[in-house]
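S.K.: for reference, the sequence and a predicted model appear below.
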Amino acid sequence: MNMMSDAATEKAVNAPADEPVIKMRGKDVCVFYGPKQALFDVNLNIRENAVTALIGPSGCGKSTFLRSLNRMNDTIDTCRVTGDITLDGEDIYDPAIDVVELRARVGMVFQKPNPFPKSIYENVVYGPRIHGLVRNKADMDEVVEKSLVRAGLFNEVKDRLHEPGTGLSGGQQQRLCIARAIAVSPEVILMDEPCSALDPIATATVEELIHELRENYTIVIVTHSMQQAARVSQRTAMFHLGVLVEEGDTDKIFTNPDDPRTQDYITGRFG
Amino acid sequence: MSEPHTVTAYDDELRWLSRRLSEMGGIAEGMVADALTALINADTALAQRVISEDLLLDQGEREIYEKAVLVIAKRQPMASDLREIIGSIRIASDLERVGDLGKNIAKRVISIHTMAQPKKLVRGLEHLSELALTQLKEVLDAFSSHSAEQANSIRERDEEIDAIYTSLFRELLTYMMEDPRNISACTHLLFCAKNIERIGDHATNIAETVFYVATGQQMTVERPKDDESASVVADPAE
């Protein structure tokens, strides 16, 4: 508790009023898959209550970086991460860190909607239950309703909460996965191409949702759609061949990028 | 456009826009030059031709606008491509205005061709139009070569046009005060001078657009302005 207030004081003293707050900090991050290096000395800060888009051609390392933010790479045996990644100043690769708790604070939404083969209700309540966030039926009902409302899905499913989540449409399933992610009250949400399997209308719904979620969460999104990155994010980071090429305000990156590789990529000139 | 796009049809579309714009530039330039020749030689046939050519520019502007909208819808352009397409739309409308101003000079030729015109004034107008035409030519070169540097120097030179316009304005006032029979012709010549000065302004607008397309930065807000005719008054005591 003391540490928290110290950190808060430091923040207040060091940061001018309009200085953005950094939620996650990546310093000299390198990632290796066996002998192959996938990321080279990436230095990237993730701002609080902002949407940061990671863009770049396939194999550029953007998903690798995203997955290193909540240690999803731990699930790959040969994967090795060096450098520092911090969440609110705390090293997330510290051996003392509880990875399950970390992933509750840094949630994830995947490319393909992947609801559990359970009811809509169970999908949402599963996380809070295993993390001990709910005690009784009333708690559970509340968290289910709140999460589904936040994910913009409640009105569509309120009469069939006990039907299988897999019976929903693709767009609804993805919003269910977002509801599931926010049910455990994360601070950061990682999204790995959340709309690539959705039609334009479902995509628009999810983008609207991202826009609303930004107020309460820090969001990092990997997307192959330049237009989507330009629409939903405030900050954009461009990766190429495992290197962070350029990072800056989205408005600038998409109208007047500094690096020729960014220019070539976003205008469709990459060889 | 350094590297070609992966989708080659996209490059074709951008090239089409730039080619059509160059055509419009050529027509606009020709119209202004012809309008001045018509004025100097009191050539109503040439003036008539200038008037009819304006349609070509109107059509060019419409085509560029439609094509640009289509390219935006189809390709969702970004960065330099987006700036180039938006720039094309802006430049097309500047060129269309240049055409209108040339046409307006041509119309005045038809009104005043029978009247005596002070030779010195006509020469002054000729000089003014040469400057404006040079600006127009160079700005179109700057556009096709994406030269921010050239665009910058064009904007600097607009000052000269403004200064000459202001001195012509004074001279025309003097002529009108000397002999009221000059008023009709001089008023028309005054509008011709104003039109040419406006053509210089459009060249400057285009230069600003070219600069933005090339660099992604806006030129500084302050633009050289030396047209002081707004504060010139005829002093009856003189």
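M.R.: Cool, got the structure. Since the model is a prediction, treat every value here as computed from it, not as a measurement.

S.K.: B:Ile183 reaches B:Met176, doesn't it?
M.R.: Yes - using Cβ atoms under 8 Å, B:Ile183 makes contact with B:Met176 at a distance of 5.0 Å. From N, CA and C alone the C-beta is placed, and that goes for glycine too.

S.K.: low-confidence ranges in chain A?
M.R.: Within chain A, the segments meeting pLDDT under 70 span A:1-17, A:271.

S.K.: residues contacting B:Gln117?
M.R.: Shown in contact with B:Gln117 (Cβ atoms under 8 Å, 6 or more residues apart in numbering or on different chains): B:Ala185, B:Leu189.

S.K.: sorry, back to before: higher neighbour count, B:Ile183 and B:Met176?
M.R.: B:Met176 (18 against 14; other Cβ atoms under 10 Å in any protein chain shown).

S.K.: apart from its neighbours in sequence, what residue is nearest B:Leu39?
M.R.: Leaving aside its sequence neighbours, B:Leu39 sits nearest to B:Val109 (Cβ to Cβ, 6 or more residues apart in numbering or on different chains; 5.0 Å).

S.K.: give me the mean pLDDT for the helix or strand hosting that neighbour.
M.R.: Per DSSP states H and E: B:Val109 is located in helix B:79-112. In this model, helix B:79-112 carries a mean pLDDT of 95.

S.K.: how about that helix: buried residues?
M.R.: B:79-92, B:94-109, B:112 (16 or more other Cβ atoms under 10 Å in any protein chain shown).

S.K.: how about stretch A:140-154?
M.R.: A:Met140, A:Val143, A:Val144, A:Lys146, A:Ser147, A:Leu148, A:Arg150, A:Ala151, A:Gly152, A:Leu153, A:Phe154.

S.K.: now those residues as JSON lines including secondary structure and distance to B:Ile40?
M.R.: Listed next are those as JSON lines, based on DSSP: H, G, I helix; E, B strand; the rest coil; distance: Cβ to Cβ, whole Å:
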{"residue": "A:Met140", "secondary structure": "helix", "distance to B:Ile40": "90"}
{"residue": "A:Val143", "secondary structure": "helix", "distance to B:Ile40": "85"}
{"residue": "A:Val144", "secondary structure": "helix", "distance to B:Ile40": "85"}
{"residue": "A:Lys146", "secondary structure": "helix", "distance to B:Ile40": "81"}
{"residue": "A:Ser147", "secondary structure": "helix", "distance to B:Ile40": "80"}
{"residue": "A:Leu148", "secondary structure": "helix", "distance to B:Ile40": "79"}
{"residue": "A:Arg150", "secondary structure": "helix", "distance to B:Ile40": "75"}
{"residue": "A:Ala151", "secondary structure": "coil", "distance to B:Ile40": "74"}
{"residue": "A:Gly152", "secondary structure": "coil", "distance to B:Ile40": "71"}
{"residue": "A:Leu153", "secondary structure": "coil", "distance to B:Ile40": "75"}
{"residue": "A:Phe154", "secondary structure": "helix", "distance to B:Ile40": "78"}
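
S.K.: what about the residue of chain B found nearest chain A, how many residues nearby?
M.R.: Nearest residue of chain B to chain A, counting by Cβ to the nearest Cβ: B:Gly216, 2.8 Å away. Counted with other Cβ under 10 Å, the neighbours of B:Gly216 add up to 18.

S.K.: next, give phi and psi for it.
M.R.: Dihedral angles of B:Gly216 (phi, psi; degrees, to the nearest 10) stand at phi 80, psi 0.

S.K.: pLDDT score assigned to it?
M.R.: At B:Gly216, pLDDT is 91.

S.K.: can you tell me the element the residue nearest the centre of chain B falls in?
M.R.: With distances taken as Cα atoms, centre = their mean, the residue of chain B nearest its centroid is B:Ile199 (3.1 Å). Per DSSP H and E, B:Ile199 falls inside helix B:183-215.

S.K.: what's that helix packed up against?
M.R.: Judged by 3 or more Cβ pairs under 8 Å, 6 or more residues apart in numbering or on different chains; DSSP states H and E, helix B:183-215 is in contact with helix B:8-41, helix B:79-112, helix B:119-145, helix B:148-178.

S.K.: and the first one, what's buried?
M.R.: So that's helix B:8-41. B:10-11, B:13-14, B:17-18, B:20-21, B:24-25, B:27-40.

S.K.: next one: it to chain centre, how far?
M.R.: Helix B:8-41 sits 11 Å away from the centroid of its parent chain (Cα atoms, centre = their mean, to the nearest Å).

S.K.: secondary structure class for the residue nearest to A:Ile221 when sequence neighbours are not counted?
M.R.: Closest residue to A:Ile221 apart from its sequence neighbours, by Cβ to Cβ, 6+ apart: A:Met191 at 4.3 Å. What DSSP: H, G, I helix; E, B strand; the rest coil gives for A:Met191 is strand.

S.K.: quick one, what contacts A:Met191?
M.R.: A:Met108, A:Val109, A:Ile210, A:Ile219, A:Val220, A:Ile221, A:Val222.

S.K.: then A:Pro57?
M.R.: A:His240, A:Tyr265, A:Phe270.

S.K.: next up, phi/psi of the first one, please.
M.R.: Spelled out, it's A:His240. Residue torsions, per degrees, to the nearest 10, at A:His240 are phi -150, psi 130.

S.K.: name all residues that make contact with it.
M.R.: Contacts for A:His240 (Cβ under 8 Å, 6+ apart) come out as A:Gly56, A:Pro57, A:Cys60, A:Arg261, A:Tyr265.

S.K.: ok, the residues you listed vs chain B, which is closest?
M.R.: Looking across the contacts of A:His240 and measuring by Cβ to the nearest Cβ, the closest to chain B is A:Tyr265, at 9.2 Å.

S.K.: SS state for that closest one?
M.R.: With three-state DSSP as the basis, A:Tyr265 sits in helix.

S.K.: wait, it sits on A:Ile55?
M.R.: Yes - counting by Cβ under 8 Å, A:Ile55 is a contact partner of A:Tyr265 at 7.3 Å.

S.K.: find residues that contact each of these two.
M.R.: A:Met238.

S.K.: ok, the two, which is more surrounded?
M.R.: A:Ile55 (29 against 24).

S.K.: so who does the more buried one touch?
M.R.: Contacts of A:Ile55 (Cβ under 8 Å, 6+ apart): A:Lys62, A:Val222, A:Thr223, A:His224, A:Met226, A:Ala229, A:Thr236, A:Ala237, A:Met238, A:Phe239, A:Tyr265, A:Ile266.

S.K.: that one bridge partners, please.
M.R.: A:Met238 (DSSP bridges).

S.K.: just to revisit the earlier point, wait, what's in contact with the residue of chain B closest to chain A?
M.R.: Counting by Cβ under 8 Å, 6+ apart, B:Gly216 makes contact with A:Thr255, A:Asn256, B:Ala79, B:Ser80, B:Arg83.
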